[in-house]
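Undergrad: Sequence first, predicted coordinates after that:
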Amino acid sequence: MKHKKPYIIPTLKEIYDYIFRRKGNGSRHELERKMQQDPFVEEAMEGFREVDESRAKEDIAKLNERIHSSSRRTPVYWYAGIAATVALLIIASVGLFMLEQSQKSLRESQLTISEPSEPQEENITPDKSVSAAPEEPAAETTEPARSITSLQKESKTMAPTDSAPSATDYEDSEEFIVADYEIPDLASFEENTGSLIPPMPINTEIALAEEMQRTTGAATIVAETPMIVLPDPDIPSPESTHQILRGQVVDAIDHTPLPGVAITVKGTSLGTITNPDGRFELEVPRDEELTILASFIGMQTLELDAAELAQDNVLALEYDMVGLSEVVVTGYGTSVRTGHEQDLHVDDRMNRRDYSPPTPRDGYPAYRQYLRENALLDESDERNRAVVVIRFTVNSYGTPDNFEIIRSPGVHYSKKAVDLIKNGPGWQPAQLGSNNPEETVRFRIVFRKNTE
Amino acid sequence: MFRLFSKDIKHYSDQELLEAYREKGDPHFWAELYTRYSHLVYGVCMKYFKNPDDASDAVMNIYEKLSQDIHRHQIMKFSTWLYVITRNHCLMELRSRKSQDRRHEMWQNEQEIFMESQEFLHPVDEEDELHTQQLKLCIEQLRAEQKSCIELFYYQNKCYLEIAQHLKIEEKKVKSHLQNGKRNLKICMERPYEA
């Protein structure tokens, strides 16, 4: 598209000058040319005839002010910059935390190594420490052993072998202690940097051991959390705040046990199913008022309070007779063909009152007319007709896209068909409520001989 | 830096503004671009809604909607694209307001305007081609009224009013003769050359 003169958008004043014939024929012609070129101007002109000049002027000035003031707000990338910085900080700190966590277990073993060297620092000579080292950890570990995990024990057993070099090299062992002590408690480290390092309090060690247990002993945690208890009455409840509900579910008519009945606590994810004898056990929190549901396909769900469910209570389920006979099959939404060239996309949306499929802007008759006039066989083609079935989407702006050839005699006509649709009359997008979903349209284009 | 922008921004072409907005995400560029056309958007909305308040709302709605959507579309010529968007917006709005029948009625009335729906730039509007031989030939083949309207408008630079007076026809007729003449010319121009 080339213009000799750059295209200048007519101003509001020019448009009203034209409407009220305030300017000479020369400038009228100028504007008419623009209208011929650009239907945007043409249609806007029609609109401006419907409104007072002063009103339009005022409205547009206000709108432009609003638009500009909204854009003067802090630009988006400003926020984006801050957001990115914050995100980076968070990521960095999370990363550091993770790193620390992973090093903690390592540190744990180092701690036990350094433990024996601490007392020697105060009153034992380095020579003795070599012999003292294997003894010290043994004495120390016995006390907290109850709460310390097997993993830590492993590191303890490693201690004697590792402690030998650390004890001989005094400088190194001190560095070890300093490094270890710094991370759990930075403040106390700073207090003590100049003086002798105090022996690690036992409490801290236990706390650390517990922490490690939490991070490394995933298996033990699972065992601890209250879960459905296996039907072995010998296993005691791990916590007294929980109680175990036991019961048996039977058929209300012949009192046979029902296996596989779902027993759930209403409103929670707690639950179990009955065993082959119809029995179940379910551990539930003691102090809450709970409702227990027993449900089974084809049976009416039984609902009762946990308190009612005394030990070995028998739950009798009744058959649910209602559901089966009342299924009604309703047929609706038949596939409709509204024209020989078009297949409508039929799905449940068709039944919605606020749905309308994409349509050519000028209507189907005009569109078919357009195709008839333009879908022409090449002069050299000896066939009488060639059929291309094409599928494409109409997006929310009414632009046809994503062309897909379903059937075609060859690439040449496929291309022609795509060009016809692409360059053809515009489309009105589909509408579903207030949305304009992208919708697929299928067309059968028949190329015919040029009869002109 | 921003002061620099606001000085230069007036001299940006539509395309430059569009690219600047896409690259930098600064709504300043988008606001400048949109306000160049906001009065036309208002005018078009006015044509469909016949109500200045609705038209104002539509101008803001389109502005806000497009400030998001614009990144997802490939735009060849902004004004053309904006025009299509605006018109679709109005039609959609009316469609959701009015019943099927009313809508149909409106479309019927709009048929005339939609005659030239896709091809906005016509051979006859491109001045370089005005003097080509084939165009001359095609103009000769037009019906008398269409031919004289085209000649008076495009070659003698007359306005509709003058042409109407000259040919003693209505101004509306001039417009439709021009439209139809142009369409026929286009068909004629695209026909393979027959010696």
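TA: Structure received.

Undergrad: Past the lowest-mean-pLDDT helix or strand in chain A, which element shows up next along the chain?
TA: Comparing helices and strands within chain A by mean pLDDT, DSSP states H and E singles out helix A:218-224 as the least confident, with a mean of 40. Going down the chain from helix A:218-224, the next helix or strand is strand A:242-251, by DSSP states H and E.

Undergrad: now for that following strand, which elements pack on it?
TA: Counting contacts by 3 or more CB pairs under 8 Å, 6 or more residues apart in numbering or on different chains; DSSP states H and E, strand A:242-251 is packed against strand A:279-285, strand A:313-317. Heads up, the C-betas are built off the backbone N, CA and C, glycines and all.

Undergrad: quick one: average pLDDT of the longest one?
TA: Yep, that's strand A:279-285 we're talking about. Throughout strand A:279-285, pLDDT has a mean value of 85.

Undergrad: buried stuff in that strand?
TA: Buried positions in strand A:279-285, judged by neighbour count with 16 or more other CB atoms under 10 Å in any protein chain shown: A:279-284.

Undergrad: these two touch, right, residue A:49 and residue A:19?
TA: Yes - if you go by CB atoms under 8 Å, residue A:49 and residue A:19 touch, sitting 6.0 Å apart.

Undergrad: Okay, now the unreliable bits of the stretch 101-250 of chain A?
TA: The model of the stretch 101-250 of chain A has pLDDT under 70 over residues A:104-240.

Undergrad: Residue in it with the shortest distance to chain B?
TA: residue A:101 (38.0 Å; CB to the nearest CB).

Undergrad: Quickly find the element holding that residue.
TA: helix A:76-114.

Undergrad: Surely residue B:177 is in contact with residue B:144?
TA: No - contact between residue B:177 and residue B:144 fails when scored by CB under 8 Å: they sit 9.8 Å apart.

Undergrad: Give me the domain ranges for chain B.
TA: Using automatic domain parsing, the domain parsing of chain B gives B:2-114, B:123-190.

Undergrad: what is the mean pLDDT for the first one?
TA: Read it as domain B:2-114. 80.

Undergrad: now do stretch B:152-164
TA: Averaging pLDDT along stretch B:152-164 gives 87.

Undergrad: buried set for stretch A:84-101?
TA: Under the neighbour-count criterion of 16+ other CB under 10 Å, stretch A:84-101 has nothing buried.

Undergrad: One more: stretch B:146-165?
TA: For stretch B:146-165, burial by neighbour count (16+ other CB under 10 Å) applies to B:146-150, B:152-154, B:158-160, B:162-164.

Undergrad: for that stretch, the distance to its chain's centre please.
TA: Distance of stretch B:146-165 from its chain centroid, counting by CA atoms, centre = their mean, to the nearest Å, is 20 Å.

Undergrad: Show me the contact partners of it.
TA: For stretch B:146-165, the surrounding residues in contact (CB atoms under 8 Å, 6 or more residues apart in numbering or on different chains) are A:21, A:25-26, A:28-29, A:32, A:36, B:124, B:130, B:139-140, B:142, B:166-167, B:170-171, B:173-175, B:177-178, B:180-182, B:184-185.

Undergrad: for the one helix or strand residue B:175 maps to, packing partners?
TA: Per DSSP H and E, residue B:175 falls inside helix B:171-190. Helix B:171-190 is packed against helix B:133-141, helix B:144-150, helix B:160-167, with contacts defined by 3+ CB pairs under 8 Å, 6+ apart.

Undergrad: what comes up buried for that helix?
TA: Those would be B:174-182, B:184-186, B:188-189, for helix B:171-190 by 16+ other CB under 10 Å.

Undergrad: One more: stretch B:13-30?
TA: Applying 16+ other CB under 10 Å to stretch B:13-30 flags B:14, B:17-18, B:20-21, B:26-30 as buried.

Undergrad: and if you look at stretch A:25-41?
TA: Of all the residues in stretch A:25-41, those buried under the rule 16+ other CB under 10 Å are A:28-41.

Undergrad: what would those look like in TSV with secondary structure?
TA: What follows is these, written out as TSV (DSSP: H, G, I helix; E, B strand; the rest coil):
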residue	secondary structure
A:28	helix
A:29	helix
A:30	helix
A:31	helix
A:32	helix
A:33	helix
A:34	helix
A:35	helix
A:36	helix
A:37	helix
A:38	coil
A:39	helix
A:40	helix
A:41	helix
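
Undergrad: same for chain B: which of the residues you listed are within range?
TA: Near chain B, judged by CB under 8 Å from any CB of the partner chain, the entries from those are A:28-29, A:32-33, A:36-41.
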